[in-house]
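Asker: Just to be clear, the model below is a prediction. Sequence and coordinates:
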Amino acid sequence: MSKNEAKPPKVTLTEGKQHYVPSTIEPKWQAKWEEKGVYQPDLKNANKPFYNLMMFPYPSAEGLHIGSIFTFGGVDVYGRFKRMQGYDVFEPIGLDGFGIHSENHALKTGSHPIEHAKRTEENFYRQLHTTGIGYAWKNKVETYYPSYYKWTQWLFIELFKAGLAYKKKSPVNFCPSCKTVLADEQVIDGKCERCGSFVEKKELDQWFFKITSFADRLLTNIESLNWTEKVKIAQRNWIGKSEGALLRFKVKDMDIHFEMFDSVPQTFMAQTFTVIAPEHPSVYALVKGTEYEKPVMDFVDRIKKKKAAKTFDTEKETEGIFTGRYIEYAPGKRLLPIWVASFVIAEYGTGIVNASAHDERDFAFAKKYDLPLHPVMFPQDPKLAQKVKNLEFCYHHAEDGILQEPVEFKGRKWGEVRQDVLNYLEEKGFGKRSAQYHLRDWLISRQRYWGPPIPMVFCSSCAEKGLSWFTEESSKRSYRSVNTALQDDKKNMAGWYPVEEKDLPVKLPYVEDYKPMGTGKAPLANYPEFYEVICPHCGGKATRETDVSDTFLDSAWYFFRYTSTDRDDVAFDKEIVKKWLPVTMYIGGAEHSVLHLLYARFITMVLHNLGYIDFEEPFARFYAHGLIIKDGAKMSKSKGNIINPDQYIRKFGADAVRCYLLFLGPFNQGGDFSDTGMEGMYKFIKRVWTLFTSQNITSANLADSANKIMHETIKGVTIDLEELRYNTALAKLMTYYNFFVKQDKISREEVEVYLKLLAPFAPHMTEEVWERLGNKFSIHSGGWPSYDEDALIQEITNLPVQVNGKLRAILILQHNDPKDGKSIRDRAQKDKRVAKFLEGKTITEVIYVVGKVLNFVVT
RNA sequence: GGGCGAGUGGCGGAAUGGUAUACGCGAUAGUCUCAAAAACUAUUGGUCGCAAGGCCUUGAGGGUUCGAGUCCCUCUUCGCCCACCA
């Protein structure tokens, strides 16, 4: 026989051949699974609850794209694996449909958001049903139905009553195109996250959640979470805790004191001037009635306008103006001129700070306006030190910089002196240790239509009397306030009352004209029939809040609701939540690292504080999946590279599509989509089908080699699945298949084990073959195969032999060959491939790692 | 500017410090066929060689080690996130 002549395969594939037609078997099993409730756990009585959750989808009207099959499929593989291991897996699905994105889409297509949502919902669920994912369909949740947002509103009220929701005028990010306010997190490079327009600053009355009062707990709890590390890092950075000193200074000739935050207190003696943010409320007080009033206030106006304008580049345009005032700087016994400076951030720290020669921005500012500088820290190199003295460059953050002042710290290194300086500042009474956070309060109100109306009522006559829910109702009932430091905010809430729980939900009325107005008022403000109400306290005329809440609030608690969709008397069933939460495995995109994940943690902490739940972290484990891209770019409508999965599912079946996507690359990385590879995966599924549906299965015992590879594969696939390494798990199954094809016969045991290992990946095909083999329904609720370590012992092992670390030969060792160093060494030296390289050399050392390698070191 | 991560065949990718390139795609040749497709068989990092076999190869350079894709340092390219945070 010549080399290339075709050999018939050992296992005949033509005999009794059954064609693999996914389009008939897939819908059949989807219907049966649902009918039998295979994926519908008994939430009350489950013994081994496992909450396997996919991050709340926010589907667009176009429906799922191929990337969704990757992520949803990957989540499902894990759930199916856990279910087969004997867990009661709860894998619910729903959709997040409120929000600007949907509303904008409705505006664009000229339909009403409600109709738009209905269409999206229908399409979304239709597509999802074709994927065969093991969802608990009875527990669906959609955020825009009153049965859901009733409880979103309830949550708002709970936060309000706890003193965690407040309203205040504030400069906010306003998108002129979306005509709404955006949270800081939704502004990217000064542009709107949604539409890309440049964001403006506007002063508007807004509702906030006091997430900052949880900053420290949100930060410290991160340590205990089993989350993808980069997401933990992103959260830490976002919370942005900075420790340092809070110092207090008096303004010369005025009864004004300023507190200032200094995160680098080591060089405090270098401070020579003070800079204050243009937006700082005290700027006017400093200059009022002086010759500086007009120029300074003009300057402030100009900078404010510039900042609001789209072209302001903070890097290049540092500007300032002198106020004519001075800080009495006690530590240095000198006066510091106060300047208004464009680069100072009003919202960070206290919006005013002393400046020194050891900060780059301050240094540059001083050079520009010829302000005094007084370096107090120098490099060890005398030449460089002289340059610092001459103010040739800014010397900062140098671990081994030597301090000269104050005398108490003369000669000590910057990097070692921090704690001592902080103690010193406290002892001298200049200030105290303090921490600042980058995290801001959560701006929760939106001047839009498509969201849950904020369930609050304002009564102006109560407001005049200083009355509010806090002065009236809360004192009648014993209501535990979460935050006792909010007395001032509570006073500012005069006139506000939450809607009574019995009157919830405040339904979002169907209105024809839902377009945003761009006036700072929401569309509902045009509908007196909506907002005109009776004050719950005095019975007078009052008005409803017409803003709606941020869609991130909808998604900050949905995982509670999934467990209790049958209850309309509570947001969630405490007992069931206790049983199922925290979520055992949460899988989602890393792009939600800070927004959704932080808000969900915050809401969970609040519910914990209010006594509703006994845990304070919602997600025990979070795994960030990767993205499927197309031609190197993220799929997006604007690029026109969105791939619709429908055609592929129709052609290749859901099993092949999801296996292909998961095989592309590691689950936490994703991959680039191409349809050539999909054909290959389809062929693989088909080959497995053909092999197992042909009549070659015997009841014979396994050959030793077959036994070994079976146990090897069970072990490998089990470990890979636990780590969500789907691509390598599939590779192992392919290798195992390649082994089958070379066998004369296959035993029933092998086939069953193989089908089970493949079942999480290809649920329909394996279920069908499982049934054809006469097994009991369903493969997915049957057990997961276990492996036997003893079966993994190698009969024959290969031992690489190296000379100076270079591979020269491979020794084939039988199971009972002597494995001691001497025997192995003797054998290796006799091997001609090795001997050749030892000839004429002196062996100085022999490294032998049992079972791994033998290495001769020669000279 | 700061943080995180990644550079491995034609392509996607695999490798607890111990046989680099598993698995798949693609490609080439063959069997079957009137032919094509499908299916199956074989080959497939580069290079020298008839062969046996040799040499080279994980972005570049250095280091640690008996041994480095893997650990350390320098550089470089790319990706993502944050960014006037005192």
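Answerer: That came through fine. Numbering: from 1, shown residues only, chains lettered A, B, ... in the order given.
Asker: contacts and neighbour counts: CA atoms only from here.
Answerer: Noted.
Asker: And the most centrally placed residue in chain A, how close does it get to RNA strand B?
Answerer: In chain A, the residue lying closest to the centroid (CA atoms, centre = their mean) is A:Ser593, at 2.5 Å. Distance of A:Ser593 to RNA strand B, computed by CA to the nearest atom of the strand, to the nearest Å: 8 Å.
Asker: so who does that residue touch?
Answerer: Contacts for A:Ser593 (CA atoms under 8 Å, 6 or more residues apart in numbering) come out as A:231-232, A:234-235.
Asker: From those residues, pick the one nearest RNA strand B.
Answerer: Comparing those against RNA strand B with CA to the nearest atom of the strand places A:Ala234 closest, at 5.6 Å.
Asker: average pLDDT for the helix or strand hosting that closest one?
Answerer: In this assignment (DSSP states H and E), A:Ala234 forms part of helix A:229-239. What helix A:229-239 shows for mean pLDDT is 85.
Asker: Show me what counts as buried in it.
Answerer: Neighbour counts over helix A:229-239 (16 or more other CA atoms under 10 Å) mark A:231-232, A:235-236, A:238-239 as buried.
Asker: Rebuild these as TSV, extending it with distance to A:Pro536.
Answerer: Formatted as TSV, these follow (distance: CA to CA, whole Å):
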residue	distance to A:Pro536
A:Val231	44
A:Lys232	44
A:Gln235	41
A:Arg236	42
A:Trp238	40
A:Ile239	38
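Asker: Can you sort out which of those residues also neighbour RNA strand B?
Answerer: Among the buried residues of helix A:229-239, the residues lying close to RNA strand B (CA under 7 Å from any atom of the strand) are A:Trp238.
Asker: Span of stretch A:384-402 from start to end?
Answerer: Stretch A:384-402 has an end-to-end distance of 12 Å (criterion: CA to CA, to the nearest Å).
Asker: Likewise for stretch A:250-270?
Answerer: 18 Å.
Asker: List of residues touching that stretch?
Answerer: Outside stretch A:250-270, the residues within contact range by CA under 8 Å, 6+ apart are A:242-249, A:325-329, A:331-332, A:349-354, A:356-358, A:373-377, A:403, A:405-406, A:414, A:417-418, A:421-422, A:434, A:436.
Asker: Try it again at 7 Å.
Answerer: Stretch A:250-270 is touched from outside by A:242-249, A:326-328, A:331-332, A:349-350, A:352-353, A:356-357, A:374-376, A:405-406, A:414, A:417-418, A:421, with contacts defined as CA atoms under 7 Å, 6 or more residues apart in numbering.
Asker: Now, of the residues you listed, which are buried?
Answerer: Among these, those buried by neighbour count (16+ other CA under 10 Å) are A:242, A:244-249, A:326-328, A:349-350, A:352-353, A:356-357, A:374-376, A:405-406, A:414, A:418, A:421.
Asker: just checking, which of those residues belong to helices?
Answerer: Using DSSP state H to define helices, the subset of the buried ones among the contacts of stretch A:250-270 located there is A:414, A:418, A:421.
Asker: Would you mind confirming that the first one is in contact with A:Glu399?
Answerer: This means A:Trp414. Yes. The pair A:Trp414 and A:Glu399 passes the contact test of CA atoms under 7 Å, sitting 5.5 Å apart.
Asker: And the next helix or strand past the helix or strand bottoming out on mean pLDDT in chain A?
Answerer: Every helix and strand in chain A was compared by mean pLDDT, DSSP states H and E; the lowest is helix A:487-491, with a mean of 57. Downstream of helix A:487-491, the next assigned helix or strand under DSSP H and E is strand A:496-498.
Asker: in that next one, what's buried?
Answerer: A:496-498.
Asker: tally of neighbours for the closest residue to A:Asn47 other than its chain neighbours?
Answerer: Distances taken as CA to CA, 6 or more residues apart in numbering place A:Asp88 nearest to A:Asn47, at 7.0 Å, with adjacent residues excluded. Here the number of neighbours of A:Asp88 (other CA atoms under 10 Å) works out to 24.
Asker: In contact with A:Asp88, which residues are there?
Answerer: A:41, A:46-50.
Asker: for the helix holding A:Ala234, packing partners?
Answerer: Helix A:229-239 sits against helix A:215-220, with contacts defined as 3 or more CA pairs under 7 Å, 6 or more residues apart in numbering; DSSP states H and E.
Asker: Wondering if whatever helix or strand comes next after the helix it packs on reaches RNA strand B at all.
Answerer: The helix or strand immediately downstream of helix A:215-220 is strand A:226-227, counting by DSSP H and E. No. Judged by CA under 7 Å from any atom of the strand, strand A:226-227 makes no contact with RNA strand B; its nearest approach is 12.9 Å.
Asker: So which other helices or strands are in contact with strand A:226-227?
Answerer: Here strand A:226-227 touches strand A:621-625, going by 3+ CA pairs under 7 Å, 6+ apart.
Asker: how far is the strand it packs on from where the chain is centred?
Answerer: Distance of strand A:621-625 from the chain centroid (CA atoms, centre = their mean, to the nearest Å) equals 8 Å.
Asker: what do you get for stretch A:737-745?
Answerer: 44 Å.
Asker: in that stretch, what counts as buried?
Answerer: A:737, A:740-741, A:745.
Asker: Phi first, then psi, for the residue nearest to the centre of chain A.
Answerer: phi -50, psi -40 (degrees, to the nearest 10).
Asker: can you give me how far stretch A:428-446 is from the chain middle?
Answerer: Worked out by CA atoms, centre = their mean, stretch A:428-446 lies 23 Å from the chain centre.
Asker: Could you do stretch A:617-627 as well?
Answerer: Averaged C-alpha coordinates place stretch A:617-627 at 7 Å from its chain's average position (CA atoms, centre = their mean).
Asker: Need the residues that contact that stretch.
Answerer: Contact partners of stretch A:617-627, identified using CA under 7 Å, 6+ apart, comprise A:67, A:71, A:225-228, A:582-590, A:601, A:604-605, A:667-671.
Asker: May I have the distance across it, first residue to last?
Answerer: 26 Å.
Asker: Close to RNA strand B: what parts of the stretch 251-400 of chain A are there?
Answerer: Counting by CA under 7 Å from any atom of the strand, the stretch 251-400 of chain A sits next to RNA strand B at A:261-265, A:277, A:313-315, A:317-318, A:342-346, A:348-353, A:355, A:359, A:361.
Asker: Which ones among the buried ones among the contacts of stretch A:250-270 lie within strands?
Answerer: In this view, these that belong to strands under DSSP state E are A:242, A:244-249, A:326-328, A:352-353.
Asker: Closest to A:Val849 out of the residues you listed?
Answerer: Set against A:Val849, the nearest of these by CA to CA is A:Ser242 (49.9 Å).
Asker: A:Ser468: what's it in contact with?
Answerer: A:462, A:493-497.
Asker: Where do the helices of the stretch 251-400 of chain A begin and end?
Answerer: A:283-287, A:293-308, A:360-369, A:382-389 (DSSP state H, counting those that start in this stretch).
Asker: Any chance of JSON lines for those helices, columns distance to A:Arg621?
Answerer: As requested, the helices of the stretch 251-400 of chain A are exported to JSON lines (distance: least, CA to CA, whole Å):
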{"stretch": "helix A:283-287", "distance to A:Arg621": "48"}
{"stretch": "helix A:293-308", "distance to A:Arg621": "41"}
{"stretch": "helix A:360-369", "distance to A:Arg621": "41"}
{"stretch": "helix A:382-389", "distance to A:Arg621": "50"}
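Asker: That's all I had, so thanks and see you.
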